[in-house]
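> Structure for this input, please:
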Amino acid sequence: MSGAIITPDKQQNAPTNLFFPIIILLIVAAFYFYEFMLQVSPGVMTHDLMKDFGVTAAGLGMISGFYYYAYTPMQIPAGLLYDRFGPRVLLSISATVCALGALGFGLAPNAYLAGIGRFFMGMGSAFAFIGCLVLISRWFPSKYFAFLSGVIMIMSSLGALVGEMPLAADVERHGWRHSMISLGLIGLGIAVLIWLIVRDSPAFEKIKQHPKQANEWHRLAQVLRRPQSWWLALYAFCAWSPILIVAGLWGVPYIAQLYGISTTKASGFISIVWISVGIGSPLFGWVSDKIGRRCLPLTVAAGISLAATLGMLYIPHIPYWLMGVCMFGLGFGGSGQILSFALVKDNNPPRIVGTAIGFNNTMVVAGGLLFQPLVGLILKFTWEGKLLDNVPVYSQSNYQVALAIVPLCALIGTLVSMFMLQESHCRALHGEQEDF
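Got it, this is the predicted structure:
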């Protein structure tokens, strides 16, 4: 994306005093933190939502999935829109939309309006991650890109972490509607901060416009003509889908059923996932830059995820401590997908890298759109008819069948990273020719 991502020679002129860039990054990272809280929030409300809206697991999967119905298709347009309007305007508006969606969800009288609220949350959230990358590329030297991308993932992990046990405790104490309305008000405050403080680029920096800036479809076509764009997107899809399925929605009810514990206690296991994502994201970025390789860390990450997901589902009578290890492995392995964005940057010229990042991030989150409702449907069709407070209760075997998608994704990601991805050795592989 020629306007959104500054070229390497421009990045050499990034500010030497990084105080203000760090403040900007912290504010937009707070938005990313916030949107991840919203993204995972239904996972600690599953029983309450099914009871209040009178839906089964399939209906709950659809309600939660509305977030991704907006988030996923907005990734590529979000990348293109940053060229036209800049991060400050887009992030301010998107944070407001996100907050209004949370308020609407908290006030929704039925499942249909709750779904609309989730849709608006997803629409607003779609701009957060790409906005962070755009601002990193404009305000910081290029040598920090991979590491700071990992740091941004820490904020997402912290947001998801707060969206587990602390949010579960608040829901138990005050009810899920109170919690969602409070989150909506917090989001409005973040939107105001973005508008007041964030700036699109350093004052001396003029964002270079490419002669074909207006031809947005041409830039997208350039990305889609590259086979590596598709293989990287498939890896990113398979690496992050287990996180979205388990930590995003179905892990809490699965663990609560497996051990016969409360939602709050079960959410503690999911918190481990997000802690390990926060540890793994900058660590994989640092190791990759240190050894000068991208594909090996990606293979290691996918292999860890595969082992962890098989263990959490199919080890008989799995003890608490080993489930905790599997949850750590799930998050740590999934965090390796951050390197797919570094490979995207290595594989594409600066003028289209923003569009390429948008396409890759579309696939990162597409697993939520596809698999959260699909797991719910499988649970519905394998359900044995048991009810508690007029809410369906699903057995361990139901979850084992429905969640078999999780290790399958990890296996595909492992194979793709081993045989299909092109190693960049942390260097730009693209030429500067116009057509590819």
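> Hmm, Val273 and Gly324 touching each other?
No. If you go by Cβ atoms under 8 Å, Gly324 and Val273 don't touch, sitting 10.1 Å apart. C-beta here means a position set from N, CA and C on the backbone, and glycine is covered the same way.
> neighbour-wise, which of the two wins?
Legend: neighbour count by other Cβ atoms under 10 Å for Gly324 and Val273, higher for Val273 (30 against 15).
> May I have the secondary structure class of that one?
Secondary structure assignment for Val273 (DSSP: H, G, I helix; E, B strand; the rest coil): helix.
> residue boundaries of the helices in the stretch 301-436 of the chain?
320-335, 338-347, 350-382, 396-402, 405-419 (DSSP state H, counting those that start in this stretch).
> Tell me which residues of the fourth one come out buried.
What it means is helix 396-402. For helix 396-402, burial by neighbour count (16 or more other Cβ atoms under 10 Å) applies to Asn398, Tyr399, Val401, Ala402.
> Model confidence score at Tyr69, please.
We note a pLDDT of 90 for Tyr69 in this prediction.
> Over to Ala404?
Ala404 is given a pLDDT of 97.
> count of residues packed around it?
For Ala404, the neighbour count with other Cβ under 10 Å is 15.
> can you list the weak-confidence ranges in the chain?
By pLDDT under 70, the weakly predicted segments of the chain are 1-16, 83, 146, 203-216, 430-436.
> Mind checking which residue lies nearest the centre of it?
By Cα atoms, centre = their mean, the chain has its centre lying nearest to Val365, at 5.9 Å.
> With distance to Pro227 as extra columns, can I get the helices of the stretch 301-436 of the chain in a markdown table?
What follows is the helices of the stretch 301-436 of the chain, written out as a markdown table (distance: least, Cβ to Cβ, whole Å):
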| stretch | distance to Pro227 |
| --- | --- |
| helix 320-335 | 24 |
| helix 338-347 | 10 |
| helix 350-382 | 13 |
| helix 396-402 | 33 |
| helix 405-419 | 12 |
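> With respect to burial, which of those helices scores highest?
For those, the largest average neighbour count (mean count of other Cβ atoms under 10 Å) is found in helix 338-347, namely a mean of 26.
> Mind giving me the packing neighbours of it?
helix 145-162, helix 227-242, helix 263-291, helix 295-314, helix 350-382 (3 or more Cβ pairs under 8 Å, 6 or more residues apart in numbering; DSSP states H and E).
> got a list of contacts for the helix or strand that the first one is followed by?
So the one you mean is helix 145-162. The helix or strand immediately downstream of helix 145-162 is helix 165-174, counting by DSSP states H and E. Around helix 165-174, the neighbours that count as contacts under Cβ atoms under 8 Å, 6 or more residues apart in numbering are 37, 41, 44-45, 48, 178-179, 182, 252, 263-264, 267-268, 271.
> again, only using 7 Å
Contact partners of helix 165-174, identified using Cβ atoms under 7 Å, 6 or more residues apart in numbering, comprise Met37, Ser41, Val44, Met45, Asp48, Ser179, Thr263, Thr264, Ser267, Gly268, Ser271.
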